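Engineer: Okay, predicted coordinates and the sequence, questions at the end:
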Amino acid sequence: MKDKNNARLRVAGFALVCGASMGVLLWLYMKLISSGTHLVWDLGPGDMDRRLYTLLVCLCGGLVIGLMHVLFGNYPETMEEAFARLRRDRRSPYHKIFINAFTALMPLILGGSVGPMAGLTSMVISLMYWSEDWMRCLNYTLVTKGGSDTEFLGELFSREPPEHSDIPVEPPSRAALLWTLLIGAAAAAFALMCAFFGGALQLLRVPMHSVGAQEISFIPFLLAIGFGLGWLYLYIRKGMRLFFGEMKKRGKHVRCGLIGGACLGIVGVLAPMCMFSGQNETMELLGGYTGVSTLTLIVMGFVKLVLINICIESGWKGGHWFPVVFACMSFGIALGRVFGIDPIFACIMLSGIILTMIQRIPVPMAVSLLTCFPLRALPWLLLACFAGSLLPGPGRRSVSELADRGREILGFFCVKSKLHAIFSAVFGA
C-alpha cells in the first residue's frame, strides 16, 4: 500500500511537470505572435511607403499561406473543427501539434483579420490529451504493474504514448485531483512567465459602465440588430465557402491565399484598423472614436465582418472571436451616438448574439467572453448568448431549430455526468 501511495505521488508530480510545461509553451506561443507582429509591422517598413508595404506583405503572406496548405493540408484547425473532432472522437490527436501551431501563427503575424483563440484552443486540447495519455501510462507502469521509474522513462523517450485500454478505472476524485494539478500548474506557470518576462500578448479588456433604464429599454432593439448582423455574417460565410470551396476542390490553394491577401491588403490601405485580430484595435477605437464619423464606424463594422470570412475561407484561418468583438464595438459606438445608449453595453449584447449564432454554445460563450468584459457583464452576456442560441440560423426551419437549441441548452445543465466522464477518462478506457 505504501509503495502504491508513493507511486501515486510520483504520478501527481508528473502532472505538475506536464502542466507547467503547458503553461510555458503557451506563453512562448503568444510571445511569438507578439514579437513576430512587431517585427513585421513595426520594424519591417523602415522608410518604405506604409500603404505599399501593407500590400506587399499581404500578397507575400497570401503566397506563403497558400503554399502551407499545399504542403501541410487543411491546417490550422479552427475552434469549430477542434470541438467537432472532440465531440466525434472523444479525444484530439496531438501528432501534428507543431504543424497546427505554425500554420496558426502565420496569419496572425501577417495581419490577418482572425483571432488567436483557434490556434490556442487546438494547442491546449492537444497538450491536455498528450498529458493525459502519459499520465495513464505512468499510472499503469508504477501503480498497476508495480514497475520502476526507469521503465517509464524508457517508454517516455523511446516511443509515442501508448493507450492502455485495460487500465482499471480509478476513483473520480483521484482523476479530478490530477486534472486540477495539471490545469493549476499550467495557469501558475503562465502567470509566472508573464510576471517575470512580461505579457506575451495583450488580451482585450473592455471596461463596463453602469446599465440604466435607457439601456434596458433598448434590449429588444439590440437583440433584433444582433440577430440581423448574425444572419448577415452566416450568409457571408456561406457565400465565401462556396466561392473559395470550388477553387480548393481543384487544388488552387495558392490562388485562394493570394485572393485573401489581396483583399486584406486593399482593406489595410483604406482602413488599417480592420486588419489584425482586433484586441489592440478595439481599445484604440474605444479611446479615440470621437474623431471617427458614425457612418465610418458602421462601414468599418460591416467591412470587418466580410473580411473575417474572406480570411478564414481563403486559407488565412484563425478565430473570429476578437474580430467580431471589434466589429460589434464599431456598431455599438455608432448606436450609442444615434440613440444615446452606452456603446459598451451595445457591444456586449451584439457580441454575445453574433458569436453564439456562429458557434451555438451559449453558456461556454458567455463565460469565455468574460476574458474581454468584466464579471458584472455576465448576466447580460448570458441573456444575449441564450437569445442568439434560440434564434434559427439561415436555411433552417425555425421550429426544428428552436427544438434543437432547447435540447442543447438543457444539455449544458447535465454537468455532473460530463465532469465524471472527463475525470475518469484520465485512467479509464
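Structural biologist: Sure, I can see it. Numbers count the residues shown, from 1 in each chain.
Engineer: What segments of the stretch 251-400 of the chain are helices?
Structural biologist: Assigned by DSSP state H, counting those that start in this stretch, the helices in the stretch 251-400 of the chain fall at 253-270, 279-288, 294-314, 321-339, 343-359, 362-368, 378-390, 398-411.
Engineer: Give me whichever of those is most buried.
Structural biologist: helix 343-359 (a mean of 26; mean count of other Cβ atoms under 10 Å). To be clear about C-beta, it is placed using only N, CA and C from the backbone, and glycine gets the same treatment.
Engineer: Now tell me which of the helices of the stretch 251-400 of the chain the model trusts least on average.
Structural biologist: When these are compared by mean pLDDT, helix 398-411 comes last with a mean of 49.
Engineer: May I ask you to confirm that Pro207 is in contact with Ile344?
Structural biologist: Yes - between Pro207 and Ile344 there is a contact under Cβ atoms under 8 Å: 7.0 Å.
Engineer: follow-up on the earlier one: and of the helices of the stretch 251-400 of the chain, who's closest to Tyr94?
Structural biologist: Taking Cβ to Cβ, helix 362-368 is the member of the helices of the stretch 251-400 of the chain nearest to Tyr94, at 21.9 Å.
Engineer: The closest one - contacts with which helices or strands?
Structural biologist: Using 3 or more Cβ pairs under 8 Å, 6 or more residues apart in numbering; DSSP states H and E, the elements in contact with helix 362-368 are helix 343-359, helix 378-390, helix 398-411.
Engineer: Tell me where the stretch 1-150 of the chain has helices.
Structural biologist: Under DSSP H, counting those that start in this stretch, the stretch 1-150 of the chain gives helices at 2-38, 50-72, 79-89, 97-109, 117-139, 149-156.
Engineer: need those helices in JSON lines with distance to Gly184 and mean pLDDT, can you?
Structural biologist: Below are these laid out as JSON lines (distance: least, Cβ to Cβ, whole Å; pLDDT from 0 to 100):
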{"stretch": "helix 2-38", "distance to Gly184": "7", "mean pLDDT": "82"}
{"stretch": "helix 50-72", "distance to Gly184": "34", "mean pLDDT": "91"}
{"stretch": "helix 79-89", "distance to Gly184": "22", "mean pLDDT": "75"}
{"stretch": "helix 97-109", "distance to Gly184": "22", "mean pLDDT": "87"}
{"stretch": "helix 117-139", "distance to Gly184": "13", "mean pLDDT": "78"}
{"stretch": "helix 149-156", "distance to Gly184": "22", "mean pLDDT": "55"}
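Engineer: for these, which one sits closest to Ser293?
Structural biologist: Proximity to Ser293 (Cβ to Cβ) singles out helix 50-72 among the helices of the stretch 1-150 of the chain, at 21.4 Å.
Engineer: Same list (the helices of the stretch 251-400 of the chain) but as TSV, adding distance to Gly198.
Structural biologist: Below are the helices of the stretch 251-400 of the chain laid out as TSV (distance: least, Cβ to Cβ, whole Å):
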stretch	distance to Gly198
helix 253-270	27
helix 279-288	16
helix 294-314	28
helix 321-339	20
helix 343-359	28
helix 362-368	24
helix 378-390	29
helix 398-411	40
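Engineer: and Ser131, how many neighbours?
Structural biologist: 24 (other Cβ atoms under 10 Å).
Engineer: If you could redo that for Val124, that was the one I meant.
Structural biologist: 18.
Engineer: Look up how far Trp27 lies from it.
Structural biologist: Val124 sits 13 Å away from Trp27, going by Cβ to Cβ, to the nearest Å.
Engineer: where do the contact lists of the two overlap?
Structural biologist: Residues touching both Val124 and Trp27 (Cβ atoms under 8 Å, 6 or more residues apart in numbering): none.
Engineer: Can you tell me which of the helices of the stretch 1-150 of the chain is most buried?
Structural biologist: Of these, helix 117-139 is the most buried (mean count of other Cβ under 10 Å), at a mean of 22.
Engineer: Show me what that one packs onto, helices and strands only.
Structural biologist: helix 2-38, helix 79-89, helix 97-109, helix 149-156, helix 172-197.
Engineer: nearest to Ala262, of those helices?
Structural biologist: helix 97-109 (14.6 Å).
Engineer: domain ranges for the protein?
Structural biologist: 2-197, 213-414 (automatic domain parsing).
Engineer: rewinding a little: could you export the helices of the stretch 1-150 of the chain to CSV, including columns for distance to Leu335?
Structural biologist: As requested, the helices of the stretch 1-150 of the chain are exported to CSV (distance: least, Cβ to Cβ, whole Å):
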stretch, distance to Leu335
helix 2-38, 31
helix 50-72, 30
helix 79-89, 28
helix 97-109, 29
helix 117-139, 26
helix 149-156, 56
